[in-house]
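S.K.: sequence and predicted structure, then a few things I'm wondering about:
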Protein chains: 2
Amino acid sequence: MNTKLSLDFGKIIRELRKGKDISQEELGFRSNLHRTYIGMIERGEKNITLESIEKLSKGLDVSMKLIFEKLNKIHQ
Amino acid sequence: MNTKLSLDFGKIIRELRKGKDISQEELGFRSNLHRTYIGMIERGEKNITLESIEKLSKGLDVSMKLIFEKLNKIHQ
DNA sequence: GTTCTTGCTACATACTAAAGTTAGCATTTT
DNA sequence: AAAATGCTAACTTTAGTATGTAGCAAGAAC
């Protein structure tokens, strides 16, 4: 992957995770995704699906709406 | 699939498409996705990826942010 | 009023690209 | 040194593409 979109999305996830001050592993637990997969997402290497976006949003305790509001600001 | 999330997402896409008064095939052309895939998404049968969400949003001429605002209202 | 189109959608199947999951080790950071 | 992250590689599952069939509605047409 590594498209502008996946890179921008990863940046937002990393920013939100750091804002909560938790590790990739901890976010992995909270969102039921593997820690290495979290890393791939943050690096923009994967094209995440809707279900996984929802898992991440729950793990980060934010709404998907918020994620896309942030994405809207930095993307394009 | 056919999770609550994919069903809710599909409902919003169908609603937006009908609002533009275009067919699944026409939306397929505009978003560079296959016509049958548009149908599957609207029926909640597939777990769409971020890239395809962006394609759909461009084809529908709305922002991803708007899609998730609408999703937020009906989902959960 | 029953036959032709015509357009749209549902649905089945099959293929191939890539998402999702995991393990292991290297590298960076604190 | 320990904790966190990067990175690779292998594997399973599924998204996404493609083609084809069937059904339904509306409308025109003879």
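M.R.: Yes, it's here.

S.K.: list the contacts for A:Met40?
M.R.: A:Met40 makes contact with A:Lys46, according to C-beta atoms under 8 Å, 6 or more residues apart in numbering or on different chains. To be clear about C-beta, it is placed using only N, CA and C from the backbone, and glycine gets the same treatment.

S.K.: can you tell me the element the most centrally placed residue in chain A falls in?
M.R.: Within chain A, one residue has its C-alpha closest to the average C-alpha position: by C-alpha atoms, centre = their mean, that is A:Ile13, at 3.3 Å. Using DSSP states H and E, the element containing A:Ile13 is helix A:4-20.

S.K.: name the next helix or strand following that helix along the chain.
M.R.: Next in sequence after helix A:4-20, counting helices and strands by DSSP H and E, comes helix A:24-31.

S.K.: close to DNA strand C, is that next one?
M.R.: No. Legend: contact between helix A:24-31 and DNA strand C by C-beta under 7 Å from any atom of the strand is lacking; minimum distance shown is 8.2 Å.

S.K.: so the closest residue to A:His34 other than its chain neighbours versus A:Lys70, what's the distance?
M.R.: Once flanking residues are discounted, A:His34 sits nearest to A:Gly28: 5.8 Å by C-beta to C-beta, 6 or more residues apart in numbering or on different chains. As for A:Gly28, its distance to A:Lys70 is 21 Å (criterion: C-beta to C-beta, to the nearest Å).

S.K.: could you do A:Leu33 as well?
M.R.: Summarising the geometry, the distance separating A:Leu33 from A:Lys70, computed by C-beta to C-beta, is 19 Å.

S.K.: quick revisit: what is the distance between the helix holding A:Ile13 and the centre of its chain?
M.R.: Here the centre of helix A:4-20 is set off from its chain's centre by 5 Å, with C-alpha atoms, centre = their mean, to the nearest Å.

S.K.: output the contacting helices and strands for it.
M.R.: Contacting helix A:4-20 under the criterion 3 or more C-beta pairs under 8 Å, 6 or more residues apart in numbering or on different chains; DSSP states H and E are the following elements: helix A:24-31, helix A:35-42, helix A:64-74, helix B:50-60.
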